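>>> return atomic coordinates for the entry below.
(2 chains)
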Amino acid sequence: MLEVRGLTKQFGALRASDGIDFDVAEGETHAVIGPNGAGKTTFISQLAGNLRPDSGTVRFAGADITALPAPRRARLGLARSFQITSLYPDFSALHNVALAIQAHSGHSFRFWRDARSDPALIEPARKVLNEVGLSARVNVLAANLAHGEQRQLEMAMALATRPRLLLLDEPMAGMGTDESLRMIALLASLKRKHTIILVEHDMDAVFRLADRISVLVYGRVIATDTPEKIRRNEEVRQAYLGSEA
Amino acid sequence: MKLRLVLWGLGIALLVALPPLAIALGQTYYIDLVRRVLILSIAAISLNLILGYGGLVSFGHAAYLGIGAYSAGIMAFYGVSSGWLQWPLAVGASALVAAAIGAVSIRTSGIYFIMITLAFTQMLYYLGISLAEFGGDDGMRLKARSQFSGLIDLGNPVAFYYLALALMLLSVFLVYRIVNSRFGMVLRAAKSNDPRTRAIGFSPYFYRLAAFVLAGAMCGLAGALYANHTNYITPGLMSWQQSGDLMFMVILGGMASTAGPVIGTFALLVIEEVLKGWTEYWQVVLGPLLVLSVVFFKRGLAGMFYKPDA
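Numbers count the residues shown, from 1 in each chain, chains lettered A, B, ... in the order given. Alright, predicted model coming up:
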């Protein structure tokens, strides 16, 4: 589904991505872990198209997308959630999701009919909000949602684009224990139905959800394997897991 | 929602009743004043589409007022006085210029966008000054008011007033429909959170450009009306002060609100008029008043009548 070869990105003297090779198979949940500053977000941004790599290629569903800008990739089915919550704070939860639906229902050069009451947008949006457990908060402004709910909404917007590949950048960031558990349950329900790349610090979540884990250190992938083997990998333990594992 | 409809009804009723009242009281001057307000409201409404809903801080919107006015004026100068030709040309020329200016400016954002729209409009302003044939710095008299096959006589102040009123209301309705359509939702989304909008699959550039062209076209119509209103066309219509006035009308009235630009235009021009009656140094009073109004009405004057919603 996704095939990354030799991805390199340099910021001044810092090599944030250093010849990354990375594969994701259809239906797989592939986690990316690594210490702070390992270049995880830089990596995700190059996959989503927000950053252009200096060299290397990204192939998605058989096509070379290395040069495509983010909106084009999104239309091909690559959906991302942001590490720092990124919503439309002045729109209700429903209209946040409805916009994501609209982005994938043909062009939007339609100037006359009211979009806010358009059942072709509103009905699917309600369904997605149901799926992520926000059905009771449909009409609340995104700005007024609790942090955990905003993360759920972020997820709903990614799902609403009917993605072929979900890029989740720390979906659990800043969540309390209860909220995390709910998010893990939600992700578990999405697993298999979707191909997922999960960047996450919460090791519980990673080891429970991932089929394979890649460990990123200083811009390099030092290991890619099943959770069991990663747990026992000596190099990984030294570089990262250390006392935690 | 209900309250807003009642207020709209009330406002429209007042505007409709104004000419007969003014005539009965022998104060026909007010017909002229409010007609000017109505025409400039159309310009402010069009600016609100890009400034309020699109977040495009165009500091050069007066350009289209000027292009609309000069289109009508230059055609009249060459003896083409039919409004059926003049006005569509004013709208079309404004749309074309907006497309050219927008195509370049919208690639930038923030302070650069403000400066580049200002720069383009200054270029047009100086072009106006250098057109010696059309009066140059002094401007020119409109040879004849636009003719509409005898359907409506713009020389009749009351008829012209009602035409301006109808076109102003039509503009309000048009923008209202546009900003609530799918197109409008993308425009507002791109203002609210640009990276998110790209991430879900929209390329905001063409949506913004389309809005910019629509706003330019609508302002061009206001320009053609304004030329007929003053009977005189000067490059001053395209000055940065005029652009600033338009921005102020929108901000004072309330950005991204349906009635805001109309209320803002009324407030600004009426206060201006009252102050002018008091003192020669009216600007000294107007400045602080405007500052206070922005400080105390963060969502504009229209913000008094509604709560922000989704």
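
>>> what residues does the helix or strand bottoming out on mean pLDDT in chain A touch?
One helix or strand of chain A scores below all others by mean pLDDT, DSSP states H and E: helix A:234-236, with a mean of 83. Residues lying outside helix A:234-236 but in contact with it, judged by CB atoms under 8 Å, 6 or more residues apart in numbering or on different chains, are A:V215, A:I222, A:A223, A:I230. In short, each C-beta sits where N, CA and C put it, glycine included.

>>> ok, so of those, who is nearest B:I271?
Using CB to CB, A:V215 is the member of the contacts of helix A:234-236 that sits closest to B:I271, with 66.4 Å.

>>> so what pLDDT did the closest one get?
Turning to A:V215, the model gives it a pLDDT of 92.

>>> would you say it is within a helix?
No. Assignment of A:V215 by DSSP: H, G, I helix; E, B strand; the rest coil gives strand, placing it outside any helix.

>>> tell me who's in contact with the most centrally placed residue in chain A.
With distances taken as CA atoms, centre = their mean, chain A has A:L168 as the residue nearest its mean C-alpha position (1.8 Å). A:L168 makes contact with A:R80, A:S81, A:M155, A:A158, A:L187, A:I196, A:I197, A:L198, A:V199, A:E200, according to CB under 8 Å, 6+ apart.

>>> go again with 7 Å.
Under the criterion of CB atoms under 7 Å, 6 or more residues apart in numbering or on different chains, the neighbours of A:L168 are A:S81, A:I196, A:I197, A:L198, A:V199.

>>> as JSON lines, those residues with neighbour count would be great.
JSON lines is the format used below for the contacts of A:L168 (neighbours: other CB atoms under 10 Å in any protein chain shown):
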{"residue": "A:S81", "neighbour count": "24"}
{"residue": "A:I196", "neighbour count": "25"}
{"residue": "A:I197", "neighbour count": "26"}
{"residue": "A:L198", "neighbour count": "24"}
{"residue": "A:V199", "neighbour count": "24"}
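
>>> out of the residues you listed, which is nearest to chain B?
When the contacts of A:L168 are ranked by distance to chain B (CB to the nearest CB), A:S81 comes first, at 8.5 Å.

>>> could I get the buried residue list for the least confident helix or strand of chain A?
Across helix A:234-236, burial judged by 16 or more other CB atoms under 10 Å in any protein chain shown covers A:V236.

>>> what is the end-to-end distance of stretch B:44-64?
12 Å (CA to CA, to the nearest Å).

>>> sorry, slip of the keys, the one I care about is stretch A:140-154.
With CA to CA as the measure, what separates the two termini of stretch A:140-154 is 14 Å.

>>> if you look at that stretch, does any of it touch chain B?
Yes. Contact between stretch A:140-154 and chain B is present through A:L141 (criterion: CB under 7 Å from any CB of the partner chain).

>>> so which bits of that stretch are buried?
When burial is assessed from 16+ other CB under 10 Å, stretch A:140-154 yields the following buried residues: A:V140, A:L141, A:A142, A:L145, A:G148, A:E149, A:Q150, A:R151, A:Q152, A:L153, A:E154.

>>> of the contacts of helix A:234-236, which belong to strands?
A:V215, A:I222, A:A223 (DSSP state E).

>>> and B:W84, how many residues sit next to it?
12 (other CB atoms under 10 Å in any protein chain shown).

>>> kindly report the same for B:G264.
Summarising burial for B:G264: neighbours were counted as other CB under 10 Å, giving 30.

>>> phi, psi for it please.
Main-chain torsions, B:G264, degrees, to the nearest 10: phi -60, psi -40.

>>> repeat for A:D21
The phi and psi values for A:D21, taken as degrees, to the nearest 10, are phi -110, psi 140.

>>> so what's it closest to, chain neighbours aside?
Here the nearest residue to A:D21 in space, its sequence neighbours aside, is A:R5; by CB to CB, 6 or more residues apart in numbering or on different chains that works out to 5.7 Å.

>>> element containing the one you found?
Mapping A:R5 onto the secondary structure by DSSP states H and E places it in strand A:2-11.

>>> show the pLDDT at the residue nearest to B:F148 when sequence neighbours are not counted.
Nearest in space to B:F148, with sequence neighbours left out and distances taken as CB to CB, 6+ apart, is B:G83 at 4.7 Å. According to the model's per-residue confidence, B:G83 sits at a pLDDT of 94.

>>> residue ranges of the helices in chain A, please?
When secondary structure is read from DSSP state H, chain A shows helices at A:40-48, A:70-76, A:93-103, A:119-131, A:147-160, A:177-190, A:203-209, A:227-232, A:234-236.

>>> of all residues in chain B, which one is nearest the centre?
Here the mean C-alpha position of chain B is nearest to the C-alpha of B:A43 (CA atoms, centre = their mean), at a distance of 0.8 Å.

>>> next one: the residue nearest to the centre of chain A relative to chain B, how far apart?
12 Å (CB to the nearest CB, to the nearest Å).

>>> what's the spacing between that residue and A:H194?
Note on A:L168: its distance to A:H194, by CB to CB, to the nearest Å, is 10 Å.

>>> low-confidence ranges in chain A?
A:240-245 (pLDDT under 70).

>>> break it into its domains for me.
Per the record, chain A has its domains at A:1-77+A:164-245, A:88-162, by automatic domain parsing.

>>> distance to B:G52 added to the ones you listed, as CSV?
Listed next are these as CSV, based on distance: least, CB to CB, whole Å:
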stretch, distance to B:G52
domain A:1-77+A:164-245, 24
domain A:88-162, 13
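
>>> need the contacts of A:L168 in CSV with distance to chain B, can you?
Converted to CSV, the contacts of A:L168 look like this (distance: CB to the nearest CB, whole Å):
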residue, distance to chain B
A:S81, 9
A:I196, 16
A:I197, 14
A:L198, 17
A:V199, 15
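
>>> about what we covered before: partner strands of the strand holding A:R5 and their direction?
Partners of strand A:2-11 in the sheet, by DSSP bridges, are strand A:14-24 (antiparallel), strand A:55-60 (antiparallel).

>>> only the buried residues of the shortest one, if you could.
Yep, that's strand A:55-60 we're talking about. A:G56, A:V58, A:F60.

>>> return the closest of those with respect to chain B.
Within the set of the buried residues of strand A:55-60, A:F60 lies nearest chain B; the separation is 14.1 Å, counting by CB to the nearest CB.

>>> how about the closest one, what does it touch?
Applying CB under 7 Å, 6+ apart to A:F60 gives the contacts A:L2, A:L76, A:L78.

>>> so what's it bridging to?
A:L2, A:A63.

>>> with A:D169 instead?
A:V199.

>>> ok so, going back, how about JSON lines for the ones in strands among the contacts of helix A:234-236, with neighbour count and distance to A:A100 added?
Shown next, in JSON lines, are the ones in strands among the contacts of helix A:234-236 (neighbours: other CB atoms under 10 Å in any protein chain shown; distance: CB to CB, whole Å):
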{"residue": "A:V215", "neighbour count": "23", "distance to A:A100": "32"}
{"residue": "A:I222", "neighbour count": "17", "distance to A:A100": "35"}
{"residue": "A:A223", "neighbour count": "17", "distance to A:A100": "35"}
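
>>> closest one to chain B out of those residues, please.
Where the ones in strands among the contacts of helix A:234-236 are concerned, and distances follow CB to the nearest CB, chain B has its nearest neighbour in A:V215, at 26.1 Å.

>>> hmm, back to that, most neighbours of all the contacts of A:F60, which one?
Neighbours were tallied for each of the contacts of A:F60 (criterion: other CB under 10 Å), and the maximum of 28 neighbours falls on A:L78.
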